[in-house]
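>>> Have a look; sequence and predicted model below, questions after that.
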Amino acid sequence: FPPGGSVPSSQLLFIGLERDYYLLDDNHGFIISIRHKKVILGVLGIFGVSVPDRIREYLNLTLSMTSFLGLAINNSRLWGEIQKIKRELEDANDKLRDNNEDLLTLTLKLQASNQELITSRKKIEDSEEFIKTIVNSANIGIMVLDKDARVLFYNPEMERIFGLKFEPMKGKVVFEFFPHLDKNGAYPYFSKAVAGEKIVAPDLEMHFQSRDHSTWISSIFVPVYDKDLSIIGVTNYVFDITDRKESEQELMRAYEALKVSQNKLAILSSVTRHDILNKVMVIYGYSELLLATTTDEAEKKNLKNILTAGNDIKTLITFTKEYQELGMQKPVWMRIGEVMNRPSIKSILRGFELSVQEIPIEIYVDPMFEKVMYNLIDNSHRHGQEVSAITISAEQSGEDYLIVYADNGAGIKEEEKNLIFKQG
């Protein structure tokens, strides 16, 4: 329709989108589009009024009003959108606040976990430092090898024994640095430890070019397990026994010198004992003949005293033979428990309850130590007065290590104790 034209009432709902205004067919109203920035926001319908002749003036006035209405509608829409956005922002802020609270809670938990982790790590570090201090201050050599005999660690004492620092050895096969270890049979002990055995190796003498004397070591090979109980390496504990070996060698030299002297004395003593016993047997024989032929009681008493004296002399001569054998044999390492289980000791223990404390050391003594223990038990038999139990224990006393023999018999009177080691 051209501007100012009429339109049928049936088309009222479809107008306002193409023109600024439309007149109704009966001139009793008109319809004006509401625009804002050339965008149609709606229509304004005015009904039941006669369209005056000055319609254009009214329309212009109305159009001016619709521009304000368009602005208002647009602002209303914008306000609604702003409110919607505001609500969305508020909802988002609420969610963000909830998320922040959750995040704060998680942060606090994380901080607590971190603190626990730091504390645990500090404890582990302190524990590792404590263990490291113990290992590094130990007076035994400690070396850790992997399954291929590569050096993973060894302590300062091992550095002293081997004469090499740890760093050049780290990651290297130990037998490459010390081929004599392999030649002297150390590798088989390492292999057995890798297979799961705990091996105590024999004493080994080592020679170093940097030293003017040899070094004696005693070592133990122990397998190392991971958390799954799989063997991952071997720990080698090495003891420097050079001083002990030198003491043993010194004792052996002294023993050899003593043995020479004792052999000379033994020959003289043997001849002398033989002669004395021959004379005693002559006295003993004649005394028995006289005792068998005499009827005089006084003579019989005297002859019996002579026979008793002869027996005493024989006993003393036998004792000198046993005493002579003391020191004739090389000292040996003995364990008290093993000595007490020997047949000669068990034969005299009948009727006694024997208790031997677990003594974790060996003693370096004359082989006649067994005879010493035999005589002690025999004395308990003879003089203990109804002895039923014997106890053997050991204790440290300063630099000495005491072996204590005790029975539950009557004991020795205090005033007689100073006579124990006197003859007669």
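That came in fine, so what should we check first? Numbering: from 1, shown residues only.
>>> Break down the stretch 301-424 of the chain into its strands, ranges please.
Counting by DSSP state E, counting those that start in this stretch, the stretch 301-424 of the chain has strands at residues 332-334, 353-356, 363-365, 389-397, 400-407.
>>> Low-confidence regions, the stretch 101-250 of the chain specifically.
The stretch 101-250 of the chain contains residues with pLDDT under 70 at 124-128, 179-185, 208-212.
>>> Recalculate using a threshold of 90.
101-143, 149, 153-191, 199-219, 226-229, 238-250 (pLDDT under 90).
>>> And the stretch 301-424 of the chain, by the same measure?
301-388, 394-403, 408-424.
>>> show me where the stretch 301-424 of the chain has helices.
In the stretch 301-424 of the chain, the segments counted as helices under DSSP state H, counting those that start in this stretch are 336-340, 343-348, 369-383.
>>> could you say what helices and strands the second one packs with?
Applying 3 or more CB pairs under 8 Å, 6 or more residues apart in numbering; DSSP states H and E, one finds that helix 343-348 makes contact with helix 369-383. Bear in mind the C-beta positions are built from the backbone N, C-alpha and C, glycine included.
>>> what's the spacing between the helix it packs on and its chain's center?
Taking CA atoms, centre = their mean, to the nearest Å, one finds helix 369-383 lying 45 Å from the centre of the chain it belongs to.
>>> by how many degrees do it and strand 400-407 diverge?
Angle, helix 369-383 to strand 400-407, by axes from the mean of the first three to the mean of the last three CA atoms, to 10 degrees: 40 degrees.
>>> Which elements pack onto helix 369-383?
helix 336-340, helix 343-348, strand 400-407.
>>> Pick the most deeply packed of those.
helix 336-340 (a mean of 16; mean count of other CB atoms under 10 Å).
>>> that older thread, among the helices and strands packed on helix 369-383, which is nearest Leu104?
strand 400-407 (67.4 Å; CB to CB).
>>> before we move on, back to that, and Met281, which of the helices and strands packed on helix 369-383 is closest to it?
Of the helices and strands packed on helix 369-383, nearest to Met281 by CB to CB is helix 343-348, at 28.4 Å.
>>> and the closest one, C-alpha only, in PDB?
Extracted in PDB, the C-alpha atoms of helix 343-348 (Å, rounded to 0.1, in the frame of the first residue of the first chain):
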ATOM      1  CA  PRO A 343      83.200 -87.800  75.700                       C
ATOM      2  CA  SER A 344      85.800 -87.500  78.500                       C
ATOM      3  CA  ILE A 345      83.800 -84.700  80.100                       C
ATOM      4  CA  LYS A 346      80.400 -86.400  79.600                       C
ATOM      5  CA  SER A 347      81.700 -89.600  81.300                       C
ATOM      6  CA  ILE A 348      82.400 -87.800  84.600                       C
END
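>>> contacts for it?
339, 370, 373-374, 377-378, 381 (CB atoms under 8 Å, 6 or more residues apart in numbering).
>>> Dump the helices of the stretch 301-424 of the chain to JSON lines, plus distance to Val404.
Conversion of the helices of the stretch 301-424 of the chain to JSON lines gives the following (distance: least, CB to CB, whole Å):
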{"stretch": "helix 336-340", "distance to Val404": "11"}
{"stretch": "helix 343-348", "distance to Val404": "17"}
{"stretch": "helix 369-383", "distance to Val404": "11"}
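>>> Which among those is found nearest to Ile306?
Once the helices of the stretch 301-424 of the chain are compared by CB to CB, helix 369-383 is nearest, at 25.3 Å.
>>> Strand 389-397 and that closest one, what's the angle between them?
Using the same axes, to 10 degrees: helix 369-383 against strand 389-397 is 130 degrees.
>>> Which positions in helix 369-383 come out as buried?
For helix 369-383, the neighbour count (16 or more other CB atoms under 10 Å) marks 369-370, 373-374, 377, 379-381 as buried.
>>> How about stretch 241-254?
Quick answer for stretch 241-254 (16+ other CB under 10 Å): 241-242, 245, 248.
>>> which residue sits closest to Ile420, ignoring its sequence neighbours?
Ile412 (6.9 Å; CB to CB, 6 or more residues apart in numbering).
>>> how much space between the one you found and Phe352?
Distance check for Ile412 against Phe352: by CB to CB, to the nearest Å, it reads 18 Å.
>>> tell me which of the contacts of helix 343-348 is nearest to Val387?
Using CB to CB, those come closest to Val387 at His381, 7.2 Å.
>>> The closest one: what's it in contact with?
By CB under 8 Å, 6+ apart, the neighbours of His381 are 348, 387.
>>> try 6 Å
Listed by CB atoms under 6 Å, 6 or more residues apart in numbering, His381 has no contact partners.
>>> gap between it and Ile345?
With CB to CB as the criterion, His381 and Ile345 are 13 Å apart.
>>> now swap in Met169 and tell me
For Met169 relative to Ile345 (CB to CB), the value is 50 Å.
>>> Ok, Lys314 next?
26 Å.
>>> which residues sit against stretch 274-288?
303, 306-307, 310, 313-314, 317.
>>> out of those residues, who's nearest Ser261?
For these, the nearest to Ser261 is Ile317 (21.2 Å; CB to CB).
>>> residues in contact with stretch 232-245?
Taking CB under 6 Å, 6+ apart as the rule, stretch 232-245 contacts 140-141, 143-147, 161, 190, 193-194, 215-224, 226.
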